[in-house]
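1. Please find the sequence and the predicted model below.
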Amino acid sequence: MLQNLKNGVAANQFDVIEFFNGQAIKGSAQFESLHNQAKYWFSSAANQQNFEKSPEKFVPQYGGFCAIAMSEEKQVAPNPKSFVIQDGKLYFFTRLLFGIIDAKRQWVKAPSEKQKLADAAWKELNK
């Protein structure tokens, strides 16, 4: 599966559990789990354990690439501090797309429409 990894670590080294608590917090290699050939770092042993119980619940959508870019059939590294939890899933965004458009705002305006486009592009990329 295609993934946005930095030195083999997903979510730009951020703790994916914390996004579901409304926070963007860096993880530590001290609390590391491996899932789908990617390392995930956590800020605590408790978060690491929660992830290991059901990792698919917490992994970012579209391999951790920007959701708006994916809806345009592009793979763009996001800024993990720009995220949305929608229908229990984690979506990342670039802060500014091409220096003009705020990607997260574009998603929030039409989430269902953008999600359908991104889902189709993601499926095509992972054939």
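-> Cool, the structure landed. Predicted model, so just to flag it, every value in this text is computed and none were measured.
2. how about low-confidence regions in this protein?
-> 96-101 (pLDDT under 70).
3. Please enumerate the helices of it.
-> 16-19, 45-53, 67-71, 103-109, 111-125 (DSSP state H).
4. Would you mind reformatting the ones you listed (as TSV) and adding columns for mean neighbour count and distance to Met1 while you're at it?
-> Glycine gets a C-beta too; all of them are placed from N, C-alpha and C. Output for those, formatted as TSV (neighbours: other CB atoms under 10 Å; distance: least, CB to CB, whole Å):
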stretch	mean neighbour count	distance to Met1
helix 16-19	23	16
helix 45-53	15	17
helix 67-71	26	14
helix 103-109	17	22
helix 111-125	15	9
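5. residues in contact with stretch 11-29?
-> Stretch 11-29 has contacts (CB atoms under 8 Å, 6 or more residues apart in numbering) with 6, 10, 40-44, 47, 50-51, 58-60, 64, 77-78, 80-81, 83, 85, 90, 92.
6. Which ones among those residues lie within strands?
-> Tyr40, Trp41, Phe42, Pro80, Lys81, Phe83, Ile85, Leu90, Phe92 (DSSP state E).
7. In the residues you listed, find the pair that's most separated.
-> Greatest spatial distance among these (CB to CB): Trp41 and Ile85, at 19.1 Å.
8. So this structure: which segments form each domain?
-> 10-57, 61-125 (automatic domain parsing).
9. Distance-wise, check Asn47 relative to Asn7.
-> Separation of Asn47 from Asn7 (CB to CB, to the nearest Å) stands at 20 Å.
10. State the distance from Lys89 to Gly64.
-> To Gly64, Lys89 is 12 Å away according to CB to CB.
11. Show me which of these two is the more surrounded one.
-> Between Lys89 and Gly64, counted using other CB atoms under 10 Å, Gly64 has the larger neighbour count: 26 against 17.
12. I figured the more buried one was touching Val76, is that so?
-> No: contact criterion CB atoms under 8 Å: Gly64 and Val76 do not qualify, at 10.8 Å.
13. out of Trp41 and Ile85, which sits in the more crowded spot?
-> Remark: of Trp41 and Ile85, Trp41 carries more neighbours, 22 against 12, as counted by other CB under 10 Å.
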